[in-house]
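**Student:** predicted structure and sequence below. I'll ask about it afterward.
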Amino acid sequence: MTRPTTSCPPDVLWLGLDRPAYSWWPLLDARERRRARALPCPLVRRRFIVRRGMVKQVLAHRTGLPPAELTIHTDARGRPMVTAYPRLRFSVSHCGPLAVLAVSGNGSQVGVDVERVSGHRVTPRMLAYTLTPSEQHFLARLPSRERIRAFHAVWTAKEAVAKATGRDLASCFTRIDVALGPAGSHGGLSAGQHLARDLTRPSAAWIITRPAAPLPGYATALVTLPTSQEERP
């Protein structure tokens, strides 16, 4: 029987990105400034600077380092980390003027995602590419508006799992199955939780929670992967 992985919940912080960038620019290191300058769209550039600066400020508060001296690296699986603080794990997602940051201080890997709910993505081709057969069957029975919300619930869950595990997102589309049925039908899940499971590894499953976004019209997903269940490459 599949048992979902659980751990202490991380802290979740919402970041508003539509604010002046000048106060956050000094917190970026040389590599981050080069990345910002390379972004062609002024709005995207400004939001990147604000997002990166705010994330570094939060992490600096956790580590005691000055924000400008804090360097963000990635581990072997591409997950962000602060090298000198391996037990401080975090995940960031952004969509338009909004970003979400999940932070764990006990070494547990976390993955978070936020997406704007839109019907433009929900095309037959996209459904076939991103959903497992059981997910497609479930969504096919829903009215159009509910189908759009359900699609984004599945999408964000797979994004969150990919970030927490360090997997390639494309592989998660076909390997990870998200059950959107009633919470009580999936081993005692609470309301607002869903179960994601790996179709190729019956022992691998994750509880997906849904942090409430501060703006309407957004879908979210959060998953925590305990260090004791860190995946092998």
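**Tutor:** Looks like it arrived, so ask away. Residues are numbered from 1 along each chain as shown.
**Student:** next, the buried residues of the helix or strand that contains residue 61.
**Tutor:** Per DSSP states H and E: residue 61 is located in helix 42-63. For helix 42-63, a neighbour-count test (16 or more other CB atoms under 10 Å) marks 45-56, 58-60, 63 as buried. All C-beta atoms are positioned from the backbone trio N, CA, C, and that covers glycine.
**Student:** and the contacts of it?
**Tutor:** 13, 15, 17-21, 23-25, 27-28, 32, 35-37, 39, 65-68, 70, 72, 82, 84-85, 88, 90, 92, 94, 97, 99, 101, 103, 105 (CB atoms under 8 Å, 6 or more residues apart in numbering).
**Student:** in helices, which of those residues appear?
**Tutor:** Among those, the residues falling in helices (DSSP state H) are 32, 35, 36, 37.
**Student:** ok, now how distant is the third one from residue 42?
**Tutor:** Residue 36 sits 11 Å away from residue 42 when distances are taken as CB to CB, to the nearest Å.
**Student:** sorry, back to before: greatest separation within the ones in helices among the contacts of helix 42-63: which pair is it?
**Tutor:** 32 and 37 (9.8 Å; CB to CB).
**Student:** neighbour count: the two, which is higher?
**Tutor:** residue 32 (18 against 10; other CB atoms under 10 Å).
**Student:** now that one. Nearest residue, chain neighbours left out?
**Tutor:** Excluding the flanking residues, the one nearest residue 32 by CB to CB, 6 or more residues apart in numbering is residue 52, at 5.6 Å.
**Student:** could you check the pLDDT of that neighbour?
**Tutor:** On the pLDDT scale, residue 52 is placed at 98.
**Student:** again with residue 188
**Tutor:** In this prediction, residue 188 has a pLDDT value of 49.
**Student:** ok, now residue 59?
**Tutor:** 97.
**Student:** just checking, residue 167 touches residue 161?
**Tutor:** Yes. The pair formed by residue 167 and residue 161 meets the contact definition of CB atoms under 8 Å, at 7.1 Å.
**Student:** number of residues surrounding residue 12?
**Tutor:** 17.
**Student:** ok, what's across the strand from it?
**Tutor:** residue 102 (DSSP bridges).
**Student:** now do the same contact list for it.
**Tutor:** Counting by CB under 8 Å, 6+ apart, residue 12 touches 100, 101, 102, 112, 211, 222.
**Student:** rebuild these as JSON lines, extending it with pLDDT and neighbour count.
**Tutor:** Below are those laid out as JSON lines (pLDDT from 0 to 100; neighbours: other CB atoms under 10 Å):
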{"residue": "100", "pLDDT": "98", "neighbour count": "23"}
{"residue": "101", "pLDDT": "98", "neighbour count": "22"}
{"residue": "102", "pLDDT": "98", "neighbour count": "25"}
{"residue": "112", "pLDDT": "98", "neighbour count": "27"}
{"residue": "211", "pLDDT": "95", "neighbour count": "19"}
{"residue": "222", "pLDDT": "97", "neighbour count": "26"}
